[in-house]
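> Build me a model from this:
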Amino acid sequence: MNIENILKNSWNKITQERVDIYNFIKDISIFNANDLLNRFCDIWRASVFRTINLYVNLGLIRKIDLGDKIETYEFIDNSIHHEYIKCSSCWDVVSFECSDICKKIIKSAEKKWFLVQSHNVWVFWICEKCK
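Numbering: from 1, shown residues only. Next comes the predicted model:
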């Protein structure tokens, strides 16, 4: 995905800040506003939040519930379906690809006559730095 084309085609202004934020979130996948504020100290706080809202509205990122009170987002990559492993101690989150697991969940639900609308798979662990 080319962020310049996405912004241009949606009649939004192309700024270096928006391009930089996009490239950063594309690489880290899971983030919150503080991650962006810490990484981009030279970008105004309001601009960071406006960019997050813009990217949600454009369908580039989505809000995810990690069970804490911090608004967390993930970059949407439709080519890979993934779920999350979360450290029970420091709350660090890592995503993992799980297409086989998800297929089994959907198949099992359909056998019980459920129509799957969405699902989440969580694995809780203690990460290496918290051991």
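
> Give me the mean pLDDT for the helix or strand where Lys104 lies.
Here Lys104, judged by DSSP states H and E, is contained in helix 99-111. What helix 99-111 shows for mean pLDDT is 80.

> Mind listing what's buried along it?
Cys102, Ile105 (16 or more other C-beta atoms under 10 Å). To be clear about C-beta, it is placed using only N, CA and C from the backbone, and glycine gets the same treatment.

> which residues of the protein fall in helices?
Per DSSP state H, the chain carries helices over the ranges 3-9, 16-28, 33-39, 45-57, 99-111.

> Report the residue spans of this structure with pLDDT below the cut-off.
Across the chain, residues meeting the criterion (pLDDT under 70) sit at 1, 67, 78-82, 116-120.

> So what sits opposite the residue nearest the centre of the chain in the bridge?
Taking C-alpha atoms, centre = their mean, the centroid of the chain lies closest to Glu74, which sits 0.5 Å from it. Taking DSSP bridges as the rule, Glu74 bridges to Ile30, Arg62.
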